[in-house]
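Undergrad: sequence first, then the predicted structure:
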Amino acid sequence: MSESPETRNVGEPESLGQAAGQGAFQSLAEELALGFVGNPQAKIDERGRLKLPSEFREFVSKKYGEGFKAFYVTSTDGKTGELYPLPEWHAHMAKVLTMPRMHPSRVKLLANYTRFGDKVEMDPQGRMQLPEKLRLEADLTGDVKVSGEGSLLRITSVKRLDEAAQTDALNATDFEALAEFGL
């Protein structure tokens, strides 16, 4: 493998991380700092259990240790599920609890967290039971997408994603806003 980008052959990995199949990550520390990324498809079985995609199970093992199984699942709006490893949930809640106790937005947020949320444990096969209220309201049955968003995983019905793509497609205003962030 060449040392400098100028002498690197086309298609040759830029780093040992890429050569080892880690994509753009230079190190495990970078991967762990970024958090969950990707959006594989998964299924919710007939018993209401999500089987966590293998790449996310591997990431959980790297970050939290082999055998880690404690998560919190909830929703801010009832349209998607939000799955947090328990340490990330605690850090998130620490931020929420800094808000004034009677702030209307805090009250509404905590009401939704209570309405849809519950602590769940992942079994040895990588499955976890999603709360019935969340499954029904967010239409989390059958095919779903599990999208990495840093410290959490978002669970969305494929059916809802398809509907949203048809009714709320990106437009010129969206592309201008994204461009402001270099996207």
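TA: Cool, got the structure. Quick caveat: nothing in here was measured; it's all calculated off a predicted structure.
Undergrad: so what pLDDT did Leu170 get?
TA: Here the pLDDT value assigned to Leu170 is 86.
Undergrad: contacting residues for Leu110?
TA: Applying Cβ atoms under 8 Å, 6 or more residues apart in numbering, one finds that Leu110 lies in contact with Val96. (Each C-beta comes from the backbone N, C-alpha and C, glycine too.)
Undergrad: what residues of the helix or strand where it lies count as buried?
TA: Using DSSP states H and E, Leu110 maps to helix 104-116. Buried residues in helix 104-116, defined by neighbour count with 16 or more other Cβ atoms under 10 Å: Leu109, Leu110, Tyr113, Phe116.
Undergrad: which one of those residues is nearest Asn39?
TA: For the buried residues of helix 104-116, the closest approach to Asn39 (Cβ to Cβ) belongs to Phe116, at 21.1 Å.
Undergrad: Ser157 versus that closest one, what's the distance?
TA: When distance is defined by Cβ to Cβ, to the nearest Å, Phe116 is 14 Å away from Ser157.
Undergrad: Leu50 now?
TA: For Leu50 relative to Ser157 (Cβ to Cβ), the value is 12 Å.
Undergrad: pick out whichever of these two has more residues nearby.
TA: Taking other Cβ atoms under 10 Å, Leu50 and Ser157 do not tie; Leu50 has more neighbours (26 against 22).
Undergrad: next one, pLDDT for that one please.
TA: Taking Leu50 on its own, its pLDDT is 98.
Undergrad: that one: what's it in contact with?
TA: Ala42, Lys43, Ile44, Leu83, Arg127, Met128, Leu130, Leu140, Val144, Val146, Ile155.
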